[in-house]
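Enquirer: predicted coordinates and the sequence they were generated for:
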Amino acid sequence: MQEVIGTNNRMLEIDLTAKKFQVTEVDKKDRDLYLGGKGLGLKLLYDRMEPGLDPLGPDNMIAFTMGILMGTGAPCSGRFEAITKSPLTGAMVTGTCGGPFGMAVKTSGWDAIIVKGKCSAPTYLYIDSKGVQFKPAKGIWGKDTEAAQAALLKEGAGAIVIGPAGENLVKYANIASGHRFLGRGGIGAVMGSKNLKGIVARGNEFKIVPANKKKFAKANKRFFKFINKNPITSGSYRSFGTNANVNLSNASGILPVRNFTGGSHGEAHKISGETMAERFHTKYDTCKPCAILCGHRGTINGKEHHIPEYETIGLMGSNLEIFDPAQIVEWNELCSKYGMDTISTGGTLAWAMEATEKGLIKTNLKFGSPSGVSEMIRDIAYRKGMGNDLAEGSRAASKKYGGEDFAIHVKGLEMAAYDPRGCVGHGLSYATANRGACHLSSVLFSLEAYLGMASPYATRWKPFMVKFMENVLSAVNSLHICLFTAYAVFLEPPLIKLTPVPLIKQLNQNLSLVALNLMDVSLWPELWHAVLGKTYIPYLGMLKFIKAGERVHVLERYMNTREGISRKDDTLPRRFLTEGRKCDQKEHTVPLEKMLGKYYRLRGYDANGIPKKRTLKRLNIAIQ
Amino acid sequence: MNINNYPEIKAGKDFISKIYVAIMLWIVGRAIQAASRVDKEVKKEFAEFPADFMMCMSILPFGPHMVVGKDKNGKVKYMGWNPQGKKITLTMNIKSMAAAMQVFTFQESTTTAFAHDRFTVDGDIVQGLAVVRVLNIVEVYLLPKIITKLAVKRYPKWSEMSPLRKWVGRIIIYVRAFTF
Amino acid sequence: MQIPDYYEFLNQAKIISGKKAMEHIPFELRGYDAQKPLVVTSRALSESGLIKKFIGAFKDSAVTLGGIFNDVRDYAGIGLARDAAFLYRERGCDSIIAVGNGPEVDVAKAVNILVAEKTDDLFKYFEGTPLKRHLKPLIVVPACCSSGMEFTNTVTVDNRSLTSNFLYPDLAVLDPRMTPAKSRDCVAESTVIAMAHAVGAALTDIHSPMIEAYAHSALRYLGLHMTKGLKKPGHVETSLALHNAYALAALAFSNAPAGMVHLLAVELARATDISAGKFMRILLPYKMAHMMHKKMKIRDELFLALAGYDEYAATPAKDRSRAGVERVLALLAGLKGMMPETMKDLKVPKYKLGDIAKAASARSGKRYSEADCKTVLEHAWEGRAF
Amino acid sequence: MILPSYYEYCCRVKTISGYKALEQIPAMLESMHVKKPMIITDKGVVGAGLIGIVKKAMGAKVKIGVTYDSVPVDSEYKVVNEAAEIYRKKGCDSLIAVGGGSAIDTAKGVNILVSLGGNNLLNYAGAHNIKQKLNPFIIIPTTSGTGSEMTNAAVIANHDKNIKMLFASYFLLPDIGILDPRMTKTLPPFLTALTGMDALTHACEAYFCLGKNPVSDSHAYLAIKGISENLLHAVKNPGDMKARLAMANAATMAGAAFSNSTCGMVHGLGHSVGGVCRVPHGNCMAIFLPYGLEYNLHKCADIIGEILFPLAGPEVYNSTPKKERPERVIELVRKMNQDLHDATGGRHPRFLKEILDRNGAQQVPKSALPAIAKTTIGDGTLVYNPEELTYDDAMLVLEHAWEGTPLNRKKIKKGRKKVKW
C-alpha cells in the first residue's frame, strides 16, 4: 500500500453535465490559511461559485472535504465535511459526518471532491485513486438509504447516498454514509437535483502517515488521556450518547416542549439517555475512529435499532409532546431511510401541529399524539398532499400558510433542541450562525446551561464568548475532528480543571477577555502541525489556529452576505423574543438587540452585519 | 396568557386645565351678563330670544359647565355652573377638555374651533349663532385688541365701535363681572 | 373629467387629522355608544413613550382603556389575535383602538372579527364565509412608521389576506404627536409605498373620479413634502402632511385594482424577507418606463397632482405626460443613499424572478401578463433602461 | 395644497356610477342581506317614469315591499311618520330613496324611525344623537345638484310647531349612492341649469370656506372641472348621456366636498331667500355665488384664484396673471349664469329680481330683503364663511344681488387679512 506523508493535496473536480473530471492540486497557501475540512471547502467554492445561483440548479456545487487528521489515527477524526449552497436557507451550508465515506475517499488518495453540473439520468459515481467512473443508478434510484448503500458498498469501502427525500428535492433531505448523516440544510436535495444518487469510494489504496510521527504520537497520547478523563466524553456521552443531554436540558429549562412553548416537562425522563440505556440495553455504534463512543444501538422488542441522538429526541419527542422512546426510535429510522434531517423534520412537524391547532392548515397532526406522524413523514419524503408544502421547510410553509410567529427557524434552518431563552448567549449564536439556527456554531448552551460556567441570562460578555467559540469550532471543523473533543480539550488542561466552577462563571461574566485567553486549546493545532510536519510554536501557533477559524467563519459569513444575508436575517423566531415561558418564573426572553450590535463590532461587520473590507483584508480573504 | 400584564387604565384627570377653564367660563358667563346690560348690540341679540332661553356651555363629558339664561324678569343672567334641574334650551358642547383649552387660551378662535368641528350645538341654530356673535363682542370688551384679533374674524372698526364706547363698556363690564 | 362607464367607490373611514385629534376619540366613541376600547399596539411603541402620550389624550374623558395589548411585533398572527380577543372579552370591552402601523392594525382587525362574530375560527372568513355584520368600532391611530395601508379594507393575518368593506376602520386619527418618524428610513419606506400606491391608482386603467380625488391629494402632499420629510423625519407639520398622503394613497389604492408594482413588490418581499417598500422604489420607475415603452398613455393628471396648478398650466400640453414621470423620478432620486436602486444591490437571486412574475400575474387575475411582469422585473434587476 | 391644522372628513357612502348602475341594486341588496326594500319618492319622479326605470332595472328577483310616492316638496314630520308606519306594516327591511332633496331627507327620517323604533322623531334631533347603524339604505338621486346622497344631515319640518328639525349623524349617510344618467336624462334644461349651479356652488364654497380640507379640496376641484366642462352642454343637449353622467358625478363629488368642509354665506343667503320667499334652492345659489366670491375675496384671494384652473382650464389659468385670477373666476361664474340664461330662454335667473314664479310674477320683492338678511344672520353656515357677515353686510350683498350689479367692494368691511386654516 502506498503511503501519503501528511497530505497529498490532490482533489477531484467532477462535472456531471459533461461526465468529465479533473485532478487538481490544493493550493498550499489555502491549506495554511484554511487548514482543511470546512475551511478549505468553503474557500474552494468561494473561488468557483457565483453568488445568486439557484441552489437546485446545475451551477450549484458540492464540495466534500476530508481533514488533515483523517486516517492518521487521531482521536475522533473519522469525520468529513460537505459544503454547498443550501436550498433550505439560500445561504452556504456545511455539514459534517462520521460515516465511512470520508475515510474511503481519503485512502483513495483524495483530499477533496467537488461536484457540479447535472446528470441527464440518475447516476452514481465510483471513485478510486485513478479517478471517477459515472455509472447509471437505474436499479437503486428510489431505494431508501439502507438498501442503496447495501447495493453500492459491494464496490467499495465507503459510500454516500441520498434517499427518496433527496430524490424528491425535499428541502431538508440529507446524505447518508453508513448510519451517519450529512444532516442539515438539504445537501441531499442538492445531490438529488443533480440526479446523483450516490458516490462510492474504493478506499484502502493509501495509508496516511503523519510527517512528524513523534510529536504526533505525543499529542495523541495526551489527547486520549484527556478524553478518557473528562466526565462528559468518557462518562455521560460514552454511556448514554448525546441523549444524556435530555435530563440536563430539562433541568435547566432549555428542552423544547410543544414547539418551544415550554422549557421542561414532567415526563422528559422517559426519553432520557439514561432511561433508554436501561430499557434498550444499548451498546456502541459509532464513527470510526472514535474515542468518545457517543453513538448507540439498542434492542427493542428483540430487534436492533439505532438509538436517536438528543436533537432527534428533542425535536421529534418533547417538542411534539411525545414521550414514548420506542416511537421516536421508529420515526428516527423512518427519517434515516428516507434521508431526511430529523431536526428539520421535527421542527416542521411541530410547526404543522401548531398551525393545525390554530386553524392555519388542515392535517390530523396533534401535539402529544403520534397518530399521523409516520404518514406525514412519508408524505414529506414523497411530497404528497400537505407533505409537499412541509417538504419546503417551516419557513416556506409558514410563508404560504401563515404562522411565521411560531415557525421556529433562523434563516430557514429549523432550530436545534436548545431553547435559547434559557441560554441567551446561545440565542445570539443561533441568530448569527452562518447555517441558520445551528447549535454547533458556538455550543454556548453547554457553558451556560449545563456546566454552569456562564450565567444563562447575562448578556455583557456573550458576544465575545460567541465569537471566540465560533472561531475555535470553525477551526476544529476544519481539522477535521469531532466537536465533542472540545469538552476534553477545554476542560481538562490543569488551569481550568483546578479552578472552581463558580469562579470560572464569575470570570466569564466579568472578565471574559481574560478568561477566554487563558483557555488552552493547543492540542488541536499541535496535531495539525505534527501531521503536516510544521513547527508548532506554543501559544502563537494556537492564536494562528484560532485566527484561521475566524477566517473560515468570516469567509462563510461573507459568502452568505453575497447571497443577500444581512442583519435582517440575524434574528430569532418571535417566540423567543417576546414570549416568556411558564417553566421560567421571570419569563425571560432573549435580549438579542442588546448583543447583536456588539457582536458585529467584535466581528468587524458593519451595522448591517456585512463584513467590512478592513476585516476581510485582515483575514487575507480576497474580495471578489 | 396573564391578563394582569395588561391593566385597565382609567382616564386621568387634568385639574389645572379644568380649573382654568372653569374660571374662564365663570368670567365669560359673568361678562355676558354684564355685557347684556351694557352693550346695545348684545342687548338686541338677547332681546329676540324667547323668555325660557337657557343655554349651557359644557366641556364633554364631565364639565365644567356654564349656564346663562333669562330670569323671570327677562334679564340675561349667569346662572352658575350646574345645569342640573334647569331647563336647557340650547346646549353648546366642546368635544374635549383639550379642545376647550385651545379655545380658552386663544390658540384657536371660536370660528376656527367651529370649522375644526370642536363644537357641537344642540338646539336652535339661530340662537347658537347669536351666542357666537355675543361671545365675539364680549371678547372685544374683555381682552386687549392684540388677543381678540386672533379670536374673531373681523375686529370691529371705528365706525362700528368707537374707542370711547369700547373703553367705557370695557370698564363697566369688568366692574360688573367681578363684583356682585 | 373622465368618467368611466361603471365604477364603485367606498371609503368607510372617517379621517380626523391635526392638532389634538386624539382628544376627540372619546367623543367619537360616544357616537358609537362605546366607552371601553381595547388598545392594540406594539412593545416598541409603548417603550418609546408614544403610548403614554396616547393615554394622556384620554384625560378628563369618560373612557376607560380596557387594556393595552402591546405584544405585537412585526408580524400579525392568529395567536396574538386570540390573546387580544381573550383580553377584550375578559375586560368587557366594546371597541378597539389600534395604535401603530401594519401588524398592530392587522391584529386589531382580526380581534374585531373574532369578537364581533363571536367565534374562535378566524380563517373560515378567509376561506369564503362572508362577514355579515358590522364589526365593533375600530379606530386606527397610525404612529411613526405607518404606511397608510392601515386604512384599507384588507386584513392580513398569518400571511393570508381578507378584503371586505366591513374591515375599513371607522376612524382614522392622524395626530401630530404620533406622526413624526424616528428615522429617515421610516419616512423613505412609507413615502415610497404611498407613492407607488398613489401613482398606481392614478394611472390605473380602471379609473374613476373618486379614485382620482384621493390619489390627487395624496400625490400633491407627497410632491410638496416628501423632500423635506426625508430631510427632517421628526418635523411635525411635514410628518402630518405626509401621513395624510399615506392615508389618502391607501384609500385610493383599496378602491383601485392592485397595480403591478404593488403585486411584484409583495411577491418579492415574500420571497426575500426584504420589505416591500424597497422593491416599490426600485420597480416604480421601471414600471412607468415599461408603460411608456409600450406606448401606454401616462395620464397628465399625474403631473398635475405632483407639480400643482401653476407648473402644470405653464407646461405645454404635449410635455405633461412625460413631465409627470420625470417628477416621480426626481422625487425618488431624493431617496438616494436611503434605498437601493436595483435589485442586484438587494441581492435578489435572479433565478427566483420567473416564479415571482408568475405569482404576481396570477394574483392580478391576468390583468398583467406574466411576460410583462417578467420584463419589468428583469430590467429592474439589471438596472437596464427600456 | 393647504393642510389645515385640523380637519375631519367622513363620507362613508359606497358610490356606484355608470350607465347600468341601477342593475347593481339586486346584488347590493343581497350583499347587505336584505330582501324587501321600500321605495320612497315623490309624484314628480313617478310622473317622469323614473320609478319604472328603477323597477325594470332591478328585475323580477327583488320584491319591492311598497312604493311610497307622496313626499311633498318639503320633507315633513307627518309624512315621515306615515311612511314609517307603512314600512312596518309591509314588513320591509331596507329603504331606497329616489328623488331630490326632499325625498332623500324624508327617507333619512324614515330610516331613523324604523331602525330605532318609536314615533317621536324629535328624540333624535340635533347633532350626533343617533348612535347606531341604521337599516340598509340606498339613495338614487334624480337631480344632479343637491348632493344629498353624500351628506350626513337631514332637515325635516314640523309645520305644527313651525320649526325645522336638523338631524346630523354619520349614521344618516346611506350605504350606497347610485348615479345613473337615466335618472337625470329627463330633467328639463332650466332645472339642469339650476341644479348644476347648485352643485358648482357646493364645490366652490367647499373650496374656499373654513372647513376646507385635502379630501374635500380635490373633490371640489374635480366637481368644478366636471361642471364647467359639461353643464352648458347638458343644458343644450339634454339627451347626451355622457354629459348627464358627468354632471351626476360632479354633483355627487360636490356633495361629498361641501358636506365635509361645510359651506358659507352663499348658502346662508340662499337658505334665507328660499325660506322667506319659497324660491327653489338652486336659483339662489346661481345668483349668490359670484357675490360670495367677491365678498370673501380679500380673505382668500389666492384660493379663489385657484378655482380658475378647473373652471377655465390650464391654458386660461396660465395666461392670466396671478393677481387677476380671482377676478376672472367671478367674471366666469357671471358669464356662466349669463350663458345658462341665454340657453334656457331666460328661465335661468341671473339676479334676484329675475326670479319669477309660475305666474310670471316677481318672487323676491325688494321689500323682502330686510327679512331675508335677518334670517341670514341666523343661518348656521355663516360660521364657516371666511369673512364676518352681519345684518348690514347681508343687506349690502342682497341689494346688489337684487339689482344684478357687481358688489361695491369699498363698502365691504374687511377683517384680518389672512385666514388661518
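Expert: Arrived safely, thanks for sending. Numbers count the residues shown, from 1 in each chain, chains lettered A, B, ... in the order given.
Enquirer: run through the strands of the stretch 401-550 of chain A in chain order.
Expert: All strands of the stretch 401-550 of chain A, identified by DSSP state E, counting those that start in this stretch, fall at A:409-410, A:413-414.
Enquirer: pick the most buried one from those.
Expert: Ranked by mean neighbour count under mean count of other C-beta atoms under 10 Å in any protein chain shown, these are led by strand A:413-414, which reaches a mean of 30. To be clear about C-beta, it is placed using only N, CA and C from the backbone, and glycine gets the same treatment.
Enquirer: for it, give the mean pLDDT please.
Expert: The predicted model gives strand A:413-414 an average pLDDT of 95.
Enquirer: show me what counts as buried in the lengthiest helix in chain D.
Expert: For chain D, the helix that runs over the most residues, judged by DSSP state H, is helix D:214-236. Of all the residues in helix D:214-236, those buried under the rule 16 or more other C-beta atoms under 10 Å in any protein chain shown are D:214-232, D:234-235.
Enquirer: which one of the strands of the stretch 401-550 of chain A lies closest to chain C?
Expert: Distances from chain C to each of the strands of the stretch 401-550 of chain A were compared using C-beta to the nearest C-beta; the minimum, 11.6 Å, belongs to strand A:409-410.
Enquirer: the closest one - contacts with which helices or strands?
Expert: Identification of packing neighbours for strand A:409-410 by 3 or more C-beta pairs under 8 Å, 6 or more residues apart in numbering or on different chains; DSSP states H and E yields helix A:393-401.
Enquirer: in chain B, which residue is closest to the centre?
Expert: By C-alpha atoms, centre = their mean, chain B has its centre lying nearest to B:Val28, at 5.5 Å.
Enquirer: just checking, that one touches B:Met66?
Expert: Yes: taking C-beta atoms under 8 Å as the definition, B:Val28 is a contact partner of B:Met66 at 6.6 Å.
Enquirer: what is the neighbour count of whichever residue of the stretch 151-300 of chain D sits closest to chain A?
Expert: The stretch 151-300 of chain D approaches chain A most closely through D:Asp175 (31.3 Å), counting by C-beta to the nearest C-beta. Applying other C-beta atoms under 10 Å in any protein chain shown, we find 22 residues neighbouring D:Asp175.
Enquirer: what sits against it?
Expert: For D:Asp175, the contacting residues are D:Val13, D:Lys14, D:Met28, D:Met32, D:Pro136, D:Phe137, D:Ile138, by C-beta atoms under 8 Å, 6 or more residues apart in numbering or on different chains.
Enquirer: and the two most separated of those residues?
Expert: With C-beta to C-beta as the measure, no two of the contacts of D:Asp175 lie farther apart than D:Val13 and D:Met32, at 13.4 Å.
Enquirer: who's more crowded, the two?
Expert: When D:Val13 is set against D:Met32 and neighbours are counted by other C-beta under 10 Å, the residue ahead is D:Val13, at 26 against 18.
Enquirer: just confirm B:Lys72 is within a helix.
Expert: No: using DSSP: H, G, I helix; E, B strand; the rest coil, the secondary structure at B:Lys72 is coil, not a helix.
Enquirer: show me what contacts it?
Expert: Remark: with contacts taken as C-beta under 8 Å, 6+ apart, B:Lys72 is in contact with nothing.
Enquirer: how about the residues of chain B by chain C?
Expert: Residues of chain B lying close to chain C by C-beta under 8 Å from any C-beta of the partner chain are B:1, B:3, B:6-14, B:17-18, B:59-62, B:95-99, B:102, B:116-118.
Enquirer: and with 7 Å instead?
Expert: Where proximity means C-beta under 7 Å from any C-beta of the partner chain, the interface of chain B facing chain C comprises B:1, B:3, B:6-14, B:18, B:60-62, B:95-99, B:102.
Enquirer: and the residue lying closest to A:Arg618 once chain neighbours are set aside, what does it touch?
Expert: Using C-beta to C-beta, 6 or more residues apart in numbering or on different chains and skipping the chain neighbours, the partner closest in space to A:Arg618 is A:Gly604 (7.2 Å). For A:Gly604, the set of contacting residues under the criterion of C-beta atoms under 7 Å, 6 or more residues apart in numbering or on different chains consists of A:Pro611, A:Lys612, A:Arg614, A:Thr615.
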